[in-house]
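> build me a structure from this.
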Amino acid sequence: QVQLVDSGGGLVQAGGSLRLSCVAAERTFSNYAVAWFRQAPGKEREFVAAITWSGGTTDYAASTKDRFTISRDNAKNTVYLQMNSLIPEDTAVYYCAARRLGHSRSQYDYRYWGQGTQVTVSS
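Take a look at the predicted model:
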């Protein structure tokens, strides 16, 4: 069982930045691909970004590719999501998720999930 704790959300004005963190209580976390998903009220959960176990490959949704950066520090069992140029449409609860195999854009491929952190972008 991999426990994930995501944090770093908050209220920010449009154009601002936030950095989300996903910390794993798992000494073999470096074996897991990690993704960020988000869910806005009344909407389906959607893929945001993913990173392979080594950090060598990243993947982004089209809506976040030029503004968000996913990275990881395996020594700290932590994955980050740096979010820049935030817009109101980015408002959602953000979740990190992990899986042992390669990264995926489908939420159904991830077994382990964080509890979520709220990001609110005001206009």
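> if residue 5 is in a bridge, with which residues?
residue 23 (DSSP bridges).
> can you tell me how far it is from residue 15?
Noted for residue 5: a distance of 28 Å to residue 15, by CB to CB, to the nearest Å. (C-beta placed from N, C-alpha, C; glycine too.)
> can you tell me which residue is nearest the centre of the protein?
Nearest to the geometric centre of the chain sits residue 36, at 2.5 Å (CA atoms, centre = their mean).
> my guess is it meets residue 94, correct?
Yes - between residue 36 and residue 94 a contact is recorded at 5.9 Å, counting by CB atoms under 8 Å.
> overlap in contacts, these two.
Common contacts of residue 36 and residue 94, defined by CB atoms under 8 Å, 6 or more residues apart in numbering, comprise 20, 48, 81.
> highest neighbour count among the residues you listed?
residue 81 (27 neighbours; other CB atoms under 10 Å).
> that residue against residue 34, yeah?
No - Residue 81 is not in contact with residue 34 according to CB under 8 Å; the separation is 9.6 Å.
> any residues in contact with both of those two?
22, 70, 96.
> figure out the helix or strand that the last one lives in.
Following DSSP states H and E, the helix or strand that holds residue 96 is strand 92-99.
> what lies in contact with that strand?
For strand 92-99, with CB under 8 Å, 6+ apart as the criterion, the contacting residues are 2, 4, 6, 9, 20, 22, 24, 29, 32-40, 43, 45, 48, 79, 81, 107, 109-119.
> if we can go back for a sec, just send the shared contacts of residue 81 and residue 34 back as JSON lines, with pLDDT, distance to residue 59 and neighbour count too.
Shown next, in JSON lines, are the shared contacts of residue 81 and residue 34 (pLDDT from 0 to 100; distance: CB to CB, whole Å; neighbours: other CB atoms under 10 Å):
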{"residue": "22", "pLDDT": "97", "distance to residue 59": "16", "neighbour count": "28"}
{"residue": "70", "pLDDT": "97", "distance to residue 59": "8", "neighbour count": "25"}
{"residue": "96", "pLDDT": "97", "distance to residue 59": "14", "neighbour count": "31"}
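> no further questions, thank you.
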